[in-house]
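Visitor: any chance you could fold what I've pasted below:
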Amino acid sequence: MSMEELWEEETHFQNSGFEPRLGIYHSVYQLGENHIIPTRLDLDTATFVLSQFPHPDVADSRVALIDSATNQRVTYAQLRQSIRALAAGLYHALGVRKGDAVFLLSPNSVLYPTICLAIFSLGAVLSPANPVNTESEIVKQVRDSGAKLVISAPEELHKFGKLQVPILLTCRDQSNNNDNNSVSVEELIDCCDPLECPETQLSQSDMAAVLYSSGTTGTSKGVILTHANFISIMTLLKWSVDVSHSQNDVFLCFIPMFHIYGLAFFGLGLFCSGITTVLMQRYDFQAMLDAVKTHKVNNIAAVPPVILGLVKHGKAAGDLSSLKRVGSGAAPLSKEVSDRFKERFPWVELRQGYGLTETCGAATFFASNEEAKGHAGSCGRLVPSFSAKVVDFETGTALPPYKEGELWLKSPTIMKGYLGNEEATTATFDRDGWLKTGDLCYFDEDGFVYIVDRIKELIKHNGYQVAPAELEAILLSHRDIVDAAVIPLEDEEAGQLPMAYVVRVAGSQLTQDQVIQFVAGQVAPYKKVRRVGFISAIPRSAAGKILRKDLISLSLQKVISKL
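Guide: Residues are numbered from 1 along each chain as shown. All right, here's what the predicted structure looks like:
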């Protein structure tokens, strides 16, 4: 390519942040002097968060957390006191030291952020888990993380019977089913002096947490996140709150805090903007609607199944007039569902984002509602500090806008690697440090990112590639379908066939043939759904991602049963 041609290409794509010479996309957003990522090496996550709390003059009255079920309120001053008191208790009473892994098994609660920040302040390593995990899954993660202490909700205590690890309850056990001598986080906070919180020498490069990926298609892996990762993502979250003018919003949290989405956003990040968060222990559709009405919630961070629920049950949604913004993340949100949401709730800004556990949270963002309106189906632009490549996974060539390839990312938020799994770490990073996300995407000429699907989940049918997400979006547009998922079904002739699992509306008599014909009328012949299974619920992770491995296992069981 001549210099003139290169200059024309650079000029044509200047709004995209694309640099043709290097094949790299840069964020078009600027952080500004009020949102500079700290470079001080001797800084840890807890110190950074606490330094961002409201001034002491207003901290006594500014509410940080509200329990939606009990209406318990925690001010920023109380939160600071409880973090320091718990850190003192963990250090002096339980011997938690820098580098010790602490396993946390609990649903959302007003204690959750206190526990996380107390662990971080000691330089210990947080390893949270999903309370719905089985005993064998819990035992595996505790052992894999090398936990020296377990912090557990009382109702989950029975899952640790096989482990010889000290256990601290989150709250006082009222059931009398467990050992009455068990100490709780609540009791440590009540009896320990915040002034005795130790000063620990920490570095941004120190390990802060090990979060386990959802393992939607395979075995989950322990993602190592450092204090630098969390400090970077919190700086970016504070920037996003400011540019979207959400500083005075009341946020609703039902996203689980053991997941990076919930932890980075609600367990840490929003405190840096002095925001009030209404907490739900777990997601419930009606309870969510009630919380919005009762607490005049303005902002919800959601996942696609929640958005779909609002679309499907919009007429019965009740009073949502206080809502200003709804965010969607953790899994792709189709253009069809997005458009229907905007029809139902025209006064609400709907913005989709994209991120991974490996990126410590959000990697893309919409800075304004105008951007979101003009780019339906996109998950926004790269947030500041991020760079990206779109790589042809057969040739390794970096691709320009409108060309589909694997998304590679670089940012100070990117994980250190996978715990005890050098092979997986090496496979995930290229030699120049680019994180290979495994997601198929493209950029448009304005720098907006469109996620097509997971590369591993693409169905190979007669040499063509079929994206399950595209078929799922079509299925969800059917009035008799509540939820849907598409998986590959092995076939001797075609290689793989697209198979749909469908959840029907109650009372619907929708048949396999009707579903097949509905999709066939909207796609190319090679994309047609060839089999349909009806199911009561689509298995999903806590973040709303479809657990395709479970559906593939179910389809295999059905095949085997017919042999």
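Visitor: where are the low-confidence patches of the chain?
Guide: Residue ranges of the chain with pLDDT under 70: 1-14, 174-181, 214-219, 314-318, 462-464, 492, 542-543, 555-563.
Visitor: domain assignment for it?
Guide: 75-202, 458-562 (automatic domain parsing).
Visitor: most packed of these?
Guide: Mean neighbour count (mean count of other C-beta atoms under 10 Å) peaks for domain 75-202 among those, with a mean of 19. For the C-beta atoms, the positions are set from N, CA and C on the backbone; glycine is no exception.
Visitor: check the separation of the first and last residues in it.
Guide: End-to-end distance for domain 75-202, by C-alpha to C-alpha, to the nearest Å: 27 Å.
Visitor: how about stretch 196-210?
Guide: For stretch 196-210, the first and last residues are 27 Å from each other (C-alpha to C-alpha).
Visitor: how about residue 486: what's its closest non-neighbour residue?
Guide: Nearest residue to residue 486, sequence neighbours excluded (C-beta to C-beta, 6 or more residues apart in numbering): residue 468, at 3.9 Å.
Visitor: hang on, residue 326 is in a helix, isn't it?
Guide: No - read with DSSP: H, G, I helix; E, B strand; the rest coil, residue 326 is strand and lies in no helix.
Visitor: same list, the domains of the chain, but as JSON lines with distance to residue 381 please.
Guide: Output for the domains of the chain, formatted as JSON lines (distance: least, C-beta to C-beta, whole Å):
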{"stretch": "domain 75-202", "distance to residue 381": "29"}
{"stretch": "domain 458-562", "distance to residue 381": "20"}
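Visitor: so who does residue 413 touch?
Guide: By C-beta atoms under 8 Å, 6 or more residues apart in numbering, the residues touching residue 413 are 229, 232, 233, 236, 359, 360, 361, 363, 385, 386.
Visitor: quick one: it from residue 505, how far?
Guide: Using C-beta to C-beta, to the nearest Å, we find residue 413 at a distance of 41 Å from residue 505.
Visitor: can you check residue 517 too?
Guide: From residue 517 to residue 505 the distance is 18 Å (C-beta to C-beta).
Visitor: these two touch, right, residue 400 and residue 18?
Guide: Yes - using C-beta atoms under 8 Å, residue 400 makes contact with residue 18 at a distance of 6.2 Å.
Visitor: those two: who's more crowded?
Guide: Taking other C-beta atoms under 10 Å, residue 400 and residue 18 do not tie; residue 18 has more neighbours (25 against 17).
Visitor: quick check: closest non-adjacent residue to that one.
Guide: That would be residue 25: by C-beta to C-beta, 6+ apart, it lies 5.2 Å from residue 18.
Visitor: with residue 393 instead?
Guide: Nearest to residue 393 is residue 406, by C-beta to C-beta, 6+ apart, at 4.8 Å.
Visitor: what residues does the helix or strand containing the one you found touch?
Guide: Residue 406 belongs to strand 405-410 when assigned by DSSP states H and E. Strand 405-410 is contacted from outside by 359, 363, 386-393, 399, 430, 433-442, 449, 451, 455, using C-beta under 8 Å, 6+ apart.
Visitor: cool, stretch 16-30 as well?
Guide: 6, 9-10, 13, 15, 243, 365, 367, 381-390, 397-401, 443-447.
Visitor: helices of the stretch 151-300 of the chain, start to end?
Guide: All helices of the stretch 151-300 of the chain, identified by DSSP state H, counting those that start in this stretch, fall at 185-191, 227-243, 260-262, 285-295.
Visitor: which of the ones you listed sits closest to residue 499?
Guide: Proximity to residue 499, assessed across those by C-beta to C-beta, is greatest for helix 285-295 (28.1 Å).
Visitor: so how far is that closest one off the chain centroid?
Guide: 22 Å (C-alpha atoms, centre = their mean, to the nearest Å).
Visitor: before we move on, what about stretch 142-150?
Guide: The answer for stretch 142-150 is 23 Å, by C-alpha atoms, centre = their mean.
Visitor: 11 is where my numbering starts, stick with that
Guide: Taking 11 as the first residue, the last one we looked at is stretch 152-160.
Visitor: how far does that stretch stretch from start to finish?
Guide: One end of stretch 152-160 to the other measures 8 Å (C-alpha to C-alpha).
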